[in-house]
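*Asks:* Sequence below, structure please.
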Amino acid sequence: MELLEFAHGLLRQADPSVRAQAAGHLHALASLLTEAMEVWKTVDTNKPVDKLGSLVAMVEPAIVNKLYALSLDADRHLKAFCTLAGPAAASRATMPLHLVETAFWQLKQGETLADRVATNLSRMTERVLPHDRAGGTHQGDAGRARQR
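*Replies:* Okay, here's the model as predicted:
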């Protein structure tokens, strides 16, 4: 089960007095992931791979900085959500889980910049629009939040 799908389940079980506030953090997470996907789509994938395969060296500094800022915001909202959602989410709040794929990685042997961008977009799409058991996708609350 993907993280936002898991979070929606926790939200339904959360104390009613904090449910709206927790939902706000959850919607912010979906929006940040969507924004990060849009940023990744702006990467010039025609750049040659440097000899170390470092994404930081191949991606524009403004994009690297934007993705990092989005990642920090997403981490902050995730921790706040988990704190409000109660004990079932407590372990998620302390995990070093970064929802936004940043550019602080190296390409794998034989991987191109276009491959990595596609992989990162796929990972974040699954976090926003989790797959149902039949293998399709559904939008659920996170998808509706993304469309706002």
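
*Asks:* In this structure His98 contacts Ala74, no?
*Replies:* Yes - using C-beta atoms under 8 Å, His98 is in contact with Ala74, at 7.4 Å. Quick note: C-beta positions are derived from backbone N, CA and C, even for glycine.

*Asks:* Next up, the contacts around Met124.
*Replies:* 33, 36-37, 40, 99-101 (C-beta atoms under 8 Å, 6 or more residues apart in numbering).

*Asks:* Dump the residues you listed to a markdown table, plus distance to Pro48 and pLDDT.
*Replies:* Formatted as a markdown table, the contacts of Met124 follow (distance: C-beta to C-beta, whole Å; pLDDT from 0 to 100):
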| residue | distance to Pro48 | pLDDT |
| --- | --- | --- |
| Leu33 | 29 | 90 |
| Ala36 | 24 | 95 |
| Met37 | 24 | 94 |
| Trp40 | 19 | 95 |
| Leu99 | 30 | 78 |
| Val100 | 26 | 86 |
| Glu101 | 21 | 89 |
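
*Asks:* and the two most separated of these?
*Replies:* Trp40 and Leu99 (13.1 Å; C-beta to C-beta).

*Asks:* returning to what we had before: which one of His98 and Ala74 has more residues nearby?
*Replies:* Between His98 and Ala74, counting by other C-beta atoms under 10 Å, Ala74 is the more crowded of the two (23 against 14).

*Asks:* Roughly how far does that one sit from Leu121?
*Replies:* Going from Ala74 to Leu121 by C-beta to C-beta, to the nearest Å gives 16 Å.

*Asks:* again with Ala103
*Replies:* With C-beta to C-beta as the criterion, Ala103 and Leu121 are 13 Å apart.

*Asks:* if we can go back for a sec, make JSON lines from the contacts of Met124 and add neighbour count to it.
*Replies:* As requested, those are exported to JSON lines (neighbours: other C-beta atoms under 10 Å):
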{"residue": "Leu33", "neighbour count": "26"}
{"residue": "Ala36", "neighbour count": "26"}
{"residue": "Met37", "neighbour count": "21"}
{"residue": "Trp40", "neighbour count": "24"}
{"residue": "Leu99", "neighbour count": "22"}
{"residue": "Val100", "neighbour count": "26"}
{"residue": "Glu101", "neighbour count": "25"}
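
*Asks:* doesn't Val49 make contact with Met58?
*Replies:* Yes - Met58 is within contact range of Val49, at 6.8 Å (criterion: C-beta under 8 Å).
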